[in-house]
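Asker: A predicted structure for the sequence below; I have some questions about it.
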Amino acid sequence: MIIKPKFKNFICTTAHPEGCSKNVKEQIDYVKKLKLSNGPKKALIIGASTGYGLASRIVSTFAAGASTIGVIFAKPASETRTAGPGFYNTAAFEKEANKAGYYCKTINKDAFSKEAKDTAIELIKKDLGKIDLVIYSLASPRRVHPETGETFHSVIKPIGEIYKNKTVNFHNYKISDVEINPANKDEIQQTITVMGGDDWKLWIDSLSSAGVLSEGAVTVAYSYIGPELTYPIYRQGTIGKAKEHLEATASVLDNQLKKINGKAFVSVNKALVTQSSSAIPVVPLYISALYKIMKEKGIHEGCIEQIYRLFSDKLYGDDLRLDGNGRIRLDDLEMQEDVQKSISDIWNKITTENVAELTNIDNFKHEFFKLFGFEHSDIDYDKDVSQYVELTNHLE
Ligand code: NAD
């Protein structure tokens, strides 16, 4: 199959296996050189196939030498379709981990289901005994409730008032004004049910009752705050309400885990180009401006750099400072006053004509295509490649 990027609205519906494999190898090479003197030994990563979850699995394995179980939800390729990037990333990760002799198993099931939790517990008991780290890194538009079977949807909307701001179509660089109507009560509640801490708690409760969390086990979920300009659509919107719930869940879990001297944290990470962040209005333009400023200042980080810093300095290092709300802050550099001031200074000036000059939109677009394995200069995208790639270490 000749694999080129194809779009349905803003969603890329194709992925390139060789490009995804290269992305994974680049991340592995980055952490292999750094290593970690202290880190997890046996980790479960929920949402392990892309973005922050994949980076967490790579750091656990290739920097700390940990055995990992990854939970992903990814469809394989068919005669007419490629697999998604998460499937290709996981296949590449498994191949490299197998080659290097690290234990890794992948559960390809809906992480929200009871079945995924039962399968993980069975596998931990059989292969690992107990685990010492649980990373929760899901971003999903929907959740089927494991008990009622009801489907809940998450929406990205403001609360209370209409939100107006400028946004960019990163395919043609057109700047336009976007106007988003506020969510109703049901939409807020459904977003909390999908993206809040409910499922994280179900995971930790199930793992605890099965006795597979080791003494001192740590669990971390990822959150975001961001600048004032995105508050109405993010932190004070529906998704922000879900993140508040996730953060409140961290303190509930932290209390629960005291009996095994364990800990639960939320880590507030930096804004980065991932499939999830690209779908939020205004955010791609903000990230484009952020990348330009942070790169100019030499403080830019991607997923792998962020997660390596989380492990080396915070979770397993000596700088585990928490903010007033008990959260780890990996967004410290993004939120620096000088960085945010520079963004505010250019924000109102951005137009279709100058967006490429004032922001790093070219790089945003490039990073977006790269998520799907495209735009690697050394891959010939006119060459026929097989879309079929095997997951070697997975459980159905
Ligand atoms: P992502 O889209 O790359 O990752 C989300 C992952 O969740 C994907 O691998 C997807 O396959 C998985 N997933 C979704 N539904 C699933 C299901 N039912 N079963 C199993 N896996 C499922 O996005 P990301 O940005 O890496 O997001 C991960 C977390 O990091 C989210 O909580 C997000 O809010 C948070 N975060 C993201 C940013 C950012 O700017 N990207 C910043 C701070 C925090």
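Answerer: Here it is on my side, so go on. Small disclaimer: the values here were computed from a predicted structure and weren't measured.
Asker: and the residue in the chain positioned nearest to the ligand, how many neighbours?
Answerer: Among residues of the chain, the one nearest the ligand by C-beta to the nearest ligand atom turns out to be residue 51. It sits 2.1 Å away. (C-beta placed from N, C-alpha, C; glycine too.) As a burial measure, the neighbour count of residue 51 was computed by other C-beta atoms under 10 Å and equals 25.
Asker: before we move on, what about residue 53?
Answerer: Residues within reach of residue 53, counting by other C-beta under 10 Å, total 28.
Asker: Quick one: residues contacting it.
Answerer: 45, 46, 47, 70, 135, 137, 138 (C-beta atoms under 8 Å, 6 or more residues apart in numbering).
Asker: can you do 10 Å?
Answerer: Each residue near residue 53 by C-beta atoms under 10 Å, 6 or more residues apart in numbering is listed here: 45-47, 70-72, 86, 89, 111, 135-139, 222, 274, 303, 307.
Asker: Also residue 45?
Answerer: Under the criterion of C-beta under 10 Å, 6+ apart, the contact list for residue 45 reads 52-61, 66, 68-72, 104, 106, 133-137.
Asker: So it: helix, strand or coil?
Answerer: Using DSSP: H, G, I helix; E, B strand; the rest coil, the structure places residue 45 in strand.
Asker: Quick check: bridge partners of it?
Answerer: Partner residues in beta bridges with residue 45, using DSSP bridges, are residue 70, residue 135.
Asker: What's the separation between it and residue 147?
Answerer: Counting by C-beta to C-beta, to the nearest Å, the gap from residue 45 to residue 147 is 24 Å.
Asker: show me where the stretch 151-300 of the chain has helices.
Answerer: In order along the chain, the stretch 151-300 of the chain carries the following helices (DSSP state H, counting those that start in this stretch): 185-195, 198-209, 238-257, 275-278, 283-296.
Asker: next one: the last one to chain centre, how far?
Answerer: Chain-centre distance of helix 283-296: 18 Å, with C-alpha atoms, centre = their mean, to the nearest Å.
Asker: Can you spell out which helices and strands pack onto it?
Answerer: The helices and strands touching helix 283-296, judged by 3 or more C-beta pairs under 10 Å, 6 or more residues apart in numbering; DSSP states H and E, are strand 163-169, helix 275-278, helix 337-347, helix 355-358, helix 361-371.
Asker: switch to 6 Å and redo it
Answerer: Contact here means 3 or more C-beta pairs under 6 Å, 6 or more residues apart in numbering; DSSP states H and E; on that basis helix 283-296 packs against strand 163-169, helix 337-347, helix 361-371.
Asker: can you put the ones you listed in a markdown table and add mean neighbour count?
Answerer: Formatted as a markdown table, the entries for these read as follows, by neighbours: other C-beta atoms under 10 Å:
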| stretch | mean neighbour count |
| --- | --- |
| strand 163-169 | 19 |
| helix 337-347 | 14 |
| helix 361-371 | 20 |
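Asker: a markdown table for the ones you listed, including mean pLDDT and distance to the ligand?
Answerer: Putting these into a markdown table (pLDDT from 0 to 100; distance: least, C-beta to the nearest ligand atom, whole Å) gives the following:
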| stretch | mean pLDDT | distance to the ligand |
| --- | --- | --- |
| strand 163-169 | 94 | 16 |
| helix 337-347 | 97 | 15 |
| helix 361-371 | 96 | 8 |
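Asker: Mind checking these for the one nearest to residue 392?
Answerer: Closest approach to residue 392 among these is made by helix 361-371 (22.9 Å; C-beta to C-beta).
Asker: Just tell me which of the helices and strands packed on helix 283-296 ends up closest to residue 122.
Answerer: Proximity to residue 122, assessed across the helices and strands packed on helix 283-296 by C-beta to C-beta, is greatest for helix 361-371 (32.2 Å).
Asker: That closest one to strand 163-169, inter-axis angle?
Answerer: Taking axes from the mean of the first three to the mean of the last three C-alpha atoms, to 10 degrees, one finds that helix 361-371 is oriented at 70 degrees with respect to strand 163-169.
Asker: Show the model's pLDDT score for the most far-flung residue of the chain relative to its centre.
Answerer: No residue in the chain sits farther from the centre than residue 353, which is 31.9 Å out by C-alpha atoms, centre = their mean. Reading off the per-residue confidence, residue 353 sits at a pLDDT of 97.
Asker: Got the phi and psi for it?
Answerer: Residue 353 adopts backbone torsions of phi -70, psi -40, taken as degrees, to the nearest 10.
Asker: need the helices of the stretch 151-300 of the chain in CSV with distance to the ligand, mean neighbour count and mean pLDDT, can you?
Answerer: Written out in CSV, the entries for these read as follows (distance: least, C-beta to the nearest ligand atom, whole Å; neighbours: other C-beta atoms under 10 Å; pLDDT from 0 to 100):
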stretch, distance to the ligand, mean neighbour count, mean pLDDT
helix 185-195, 7, 19, 98
helix 198-209, 9, 19, 98
helix 238-257, 7, 20, 98
helix 275-278, 4, 19, 86
helix 283-296, 7, 23, 96
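Asker: Could you export those helices as JSON lines, including distance to residue 382?
Answerer: What follows is the helices of the stretch 151-300 of the chain, written out as JSON lines (distance: least, C-beta to C-beta, whole Å):
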{"stretch": "helix 185-195", "distance to residue 382": "40"}
{"stretch": "helix 198-209", "distance to residue 382": "43"}
{"stretch": "helix 238-257", "distance to residue 382": "39"}
{"stretch": "helix 275-278", "distance to residue 382": "25"}
{"stretch": "helix 283-296", "distance to residue 382": "28"}
